[in-house]
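Undergrad: give the three-dimensional model of this entry:
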Amino acid sequence: MTPTLIIMVKEPRPGRVKTRLGREIGHTAACWWFRHQVTRLLRRIADPRWRVVLAVAPDQAVLSRAWPAHVPRMAQGSGDLGARMARMLRRCEGPVCLIGADIPEVGRTQVARAFKALGDHDAVFGPAPDGGFWLVGARHPSRLPHGFFRAVRWSTEHALSDSLGTLPGWRVAQVDVLRDVDTAADLGRS
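TA: Purely as a prediction, here's the structure:
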């Protein structure tokens, strides 16, 4: 079974995507950065070892022309970030990893390492230096616990530790530590 790599994206509209970055560099510039970052990301991670799917918000943006026509899309649906990520993971069969679209350093090597970790682990996370994570994956996503990603303090230094706490008894691997882009300072590091 071919593994699946899901990329969480928002439709690139000024003021609706990368809003924290937009407050610093302007919403149009942040939107432009995001749109081009997604394009570069799709080129960097394309690989015959896995299929790539975009998980799109808002739901009606699955029809948006912002995304390449050849990349399959699915609507994220409602709920907080954890509910949407858990839903996207559970929709897949076999090994699946999910990433954000704002990770400039991610490429085939890091994705391959995460899928390899799922060979002898139930789940995998790619930690971020701020206490969050840039990647989450599951070998058997249909077996994710009912409370997966419940009560996670998103956008805090506790996001990874809270998320790990929702997988009691699971064998969890951690792979490369990578940064996402939330602020203008993060742009300088990428």
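Undergrad: can you show me the strands along the protein?
TA: Assigned by DSSP state E, the chain shows strands spanning 4-10, 51-57, 73-75, 96-100, 123-127, 133-138, 172-174.
Undergrad: out of those, which gets nearest to F115?
TA: strand 96-100 (6.4 Å; C-beta to C-beta). (Each C-beta comes from the backbone N, C-alpha and C, glycine too.)
Undergrad: low-confidence ranges in the protein?
TA: 190 (pLDDT under 70).
Undergrad: quick one: the helices in it?
TA: 19-25, 27-45, 81-90, 108-117, 159-164, 184-189 (DSSP state H).
Undergrad: counting contacts, what elements does the second one pack onto?
TA: The criterion is 3 or more C-beta pairs under 8 Å, 6 or more residues apart in numbering; DSSP states H and E, and the helices and strands that helix 27-45 contacts are strand 4-10, helix 19-25, helix 108-117.
Undergrad: how about a cut-off of 7 Å?
TA: Counting contacts by 3 or more C-beta pairs under 7 Å, 6 or more residues apart in numbering; DSSP states H and E, helix 27-45 packs against strand 4-10, helix 108-117.
Undergrad: among the ones you listed, which is nearest W32?
TA: Among the helices and strands packed on helix 27-45, strand 4-10 sits nearest to W32 (C-beta to C-beta), with 13.9 Å.
Undergrad: list the helices and strands the closest one packs on?
TA: Applying 3+ C-beta pairs under 7 Å, 6+ apart, one finds that strand 4-10 contacts helix 27-45, strand 51-57, strand 96-100.
Undergrad: redo the strands of the chain as JSON lines? Include mean neighbour count and distance to Q110.
TA: Shown next, in JSON lines, are these (neighbours: other C-beta atoms under 10 Å; distance: least, C-beta to C-beta, whole Å):
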{"stretch": "strand 4-10", "mean neighbour count": "23", "distance to Q110": "11"}
{"stretch": "strand 51-57", "mean neighbour count": "20", "distance to Q110": "14"}
{"stretch": "strand 73-75", "mean neighbour count": "17", "distance to Q110": "23"}
{"stretch": "strand 96-100", "mean neighbour count": "24", "distance to Q110": "9"}
{"stretch": "strand 123-127", "mean neighbour count": "23", "distance to Q110": "7"}
{"stretch": "strand 133-138", "mean neighbour count": "25", "distance to Q110": "8"}
{"stretch": "strand 172-174", "mean neighbour count": "17", "distance to Q110": "12"}
